[in-house]
Every structure is written in structure tokens, then in C-alpha cells.
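# The following block contains a protein sequence and its predicted model.
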Amino acid sequence: MLNIGAEITSNLEKITLKAAEEYKEKMNTLIKEVNENLSQRDDLMQLIGNNPIKKMKDNHENHAGFMYNSFKVKSEELFINTIIWVYRTYKNHGFSYQYFPVELKAWKSAVNNNLSSENSELIINIYNLMLDNHKLFVKESESREDNEFEVSFNQFNSHDEFLKALLEGNHDQCLSEAENIKSKDEMLLYFENMIKPTMYKVGSLWEKGVISTAQEHLASSIVARVNSSIYANNISLKKNKGKAVISAAVNEFHEIGARIIADTLESSGWEVDYLGADTPPDDLIELLKIKKPFMVGLSAAMPFNIVPLKETISKIRDEEELKNIKILVGGKIFNENLKLWEKVGADACAFDSKEALRQANKWWEEVDGKNV
């Protein structure tokens, strides 16, 4: 962690609930003012690398969500890692590094113009800290390497061949992989040692600007079909453990990891309801009341979805009839911020499907399945 971590923590801790909620309340106004501020600049196209202005505006919406999440969760690790990721990703997509201080100054101005003086001062301190360390964030964004996963699963086609087929949209070649999976154990190995590293690589290529958003979506769609085909050929009808509900968090559309967890649990004797992407918290809670599961698993990949996930967990805890449900979290953002799961109020975090199964089975064995 950078040596500014303590300073970031100190300033985040000073952000009051009142300040965070006023920022959220005025968020649309802030975004609009920042958009207008930058859109009037003569050098806008140089700053954003001739990208569509919508791409800049999307970033401003994500920035506002990220800042609000930071004010609520107060994780220096999440704060620093996300800033570095944003610098690296947007630079790779053509934005100039100079865009960031220009943008941050616009946010300072908007906060000062629209928030109460008491709250704006606290929040502007955070923006000043980001501006003061701009060069450090640039340096870190250029020096940090991608999280690559070693692929040691050599029974099937190589990782590179599978990745190439995904990016070319070769459904047939990718689906042919499903025919080679002959057992549950092979399925679980394939999920963890082929699908996971391949999709991390796809994400990395998108961050670097090597592939388009459309190519990333196509790859994800093909992988979902491959996983479904593999699972259908290896489904276990024997249910000797408890009920589990698995879902991506609200506003979260990266769901492949959650689906892998669901398939892993179900193939190992759990009775699983998989809800997919972007499940509204109130709807999730109503389902939990009906299903009465032993555990619920929630996944998140993007930093601006952490507070909604935290609030969902809090709502579950507030329901008397759901208070004993075990809550497991996971996803890319938790893998990169190892203590984050504690801040959202979960019972545990799974960094891969094997760990999810181990933790679920451990919980089940502790009650021996008799008192549930």
C-alpha cells in the first residue's frame, strides 16, 4: 500500500454520515456541473483522447458513485486501488493523464458550489489529497502489473487457444470444450483454472484498450453458454446439504463468477437458487423469506457497487426471520481488497469457487444439517 494510506484513512474517517448523504443527495447536480465545466473547455478532445464525450460523462457518473462508496465504506485499500485502476484504464483508452487533475478541480468547484460549507470542506480535503498525489497515482498506474493467473490445467485446449476463440466469437470451438468435461471434478477444475483466468485476461485486454466493450460482452456471453453446457452435462440431482441463494449484487452485471459459485455448490449437494445479475434488495429479501435458505452468496466486481451490497446485507440482518442466514461475499473487488468483506458485514469471503465450497460446507458441518 502506498505511504499515503494513513492520510487517506484519516481524511475518510472525518467524512460524516451527513456529509456523505448530502453528496449523494446532490450527486446528479454535481455530475451535471462537472460535465458542463469540462464540456466548455477548448482542449477537451486533447484531454479525453478524442473519445466520445459520453465516455467522459460515464466516468463522471462512476466517479460520483465511487466517492460516495468511499465515504461510506472508508477503505483506504479500495480507494487507492480504484484510483490506480481508473488512471490505468482510461489512459489505455486514450485519455490524457492531465484529464484527471482537470476533472478533480471541477469536482472541487462543484462540491464547493452545491454542498453546505461544513460538508464541502470535509469532502474537498479528499479531492485535495487526490490532486496532491496525482503524480504518484500516475507512477503507480504505470508500474503495477495485471493480476494474471497461471493456467496449469493441460488436459484440454490451451488457455491461449480458448481466449483466441472467445475474442473471435467462435462459439462452436468454445462449446466443443464442454464435450471434454466428463465429471464434476473436471468441471470444477475447468471453471477455476480455465474460465476464471481467461475472463480476467479478457477484462485486462479491455482495460488496456486492446478489445472493445462489444468484444468483452461477446466473450462473456460465450462463456456463459459454455458454463451452462458443462453444468448441464454434470448436474447432480442428489441434494444432501442445505439451501443456498446466490446472486450478483444490485447494479452488478458481472455475473459469471456468481454463476460458477452456484454451479459449484449445486454440483456438490447444495440446493441452489441462482438469481443472476442486478437483483433488487427488497426482491431478494422477499425471496429469502419464502425460500428460507441456510446461506446467501452475493458477488460484486465494481467498486461503486460496494455500498449497495453493504446496505443489502444490513437489510437482511434487520429481518428477524433472516438473522441466522450465513452471508458469503465474493467477486473481483473483494479479491483485490482483502479486508473489504469485513466492512460490508458479511460472515466470510470466498476468493474462488473452491474456497466458497469449503466455507459453505464448513458452516453446514458446524450445524450438522440437523438444526436448520
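In hand now; what should we look at? Numbering: from 1, shown residues only.
# can we go C-alpha only for contacts and neighbour counts from here?
Noted.
# Could you report the neighbour count for Glu7?
13 (other Cα atoms under 10 Å).
# I should have written Arg225 there, sorry.
The burial count for Arg225: 15, using other Cα under 10 Å.
# Quick check: Asn81 vs Ile333, distance?
10 Å (Cα to Cα, to the nearest Å).
# So those two - more neighbours on which side?
Taking neighbours as other Cα under 10 Å, Asn81 and Ile333 compare with Ile333 leading, 22 against 19.
# from memory that one sits against Phe304, does it?
No: applying Cα atoms under 8 Å, one finds Ile333 not in contact with Phe304, separated by 9.9 Å.
# Quick check: which element contains the nearest residue to Leu17 once chain neighbours are set aside?
Spatial nearest neighbour of Leu17, excluding adjacent residues (Cα to Cα, 6 or more residues apart in numbering): Lys72 at 7.5 Å. Assessed by DSSP states H and E, Lys72 sits inside helix 53-73.
# Show residues contacting that helix.
Helix 53-73 is contacted from outside by 12-13, 15, 17, 20, 23-24, 27, 31, 34-35, 48, 78-79, 303-307, 343-344, using Cα atoms under 8 Å, 6 or more residues apart in numbering.
# Equivalent analysis for stretch 310-328, please.
If you take Cα under 8 Å, 6+ apart as the criterion, stretch 310-328 is touched by 281, 285, 288-289, 292-298, 343-350, 356.
# Return the set of buried residues in it.
Lys310, Thr312, Ile313, Ile316, Arg317, Leu322, Ile325, Lys326, Ile327, Leu328 (16 or more other Cα atoms under 10 Å).
# cool, and stretch 76-95?
76-95.
# Surely Pro280 touches Glu252?
No: with contact defined as Cα under 8 Å, Pro280 does not count as touching Glu252 (10.2 Å).
# And the strands in the chain?
Taking DSSP state E, the strands of the chain run over residues 243-248, 271-274, 295-299, 326-330, 348-350.
# buried set for stretch 290-308?
Using 16+ other Cα under 10 Å as the test for burial, stretch 290-308 gives 292-308.
# Take those residues and keep only those in helices.
The helices, defined by DSSP state H, take in Ile306, Val307, Pro308 from the buried residues of stretch 290-308.
# confidence score at Asp172?
Note for Asp172: predicted pLDDT of 88.
# same question, Asn81
Reported pLDDT for Asn81: 91.
# before we move on, what about Glu148?
At Glu148, pLDDT is 46.
# Please renumber the chain so that the first residue is 268 from this point on.
All right, first residue 268 from here; so that's Glu415.
# ok, the closest residue to Pro560 other than its chain neighbours - how many residues close by?
Of all residues beyond its chain neighbours, the one nearest Pro560 is Lys510 (4.6 Å), with distances taken as Cα to Cα, 6+ apart. By other Cα under 10 Å, 20 other residues sit near Lys510.
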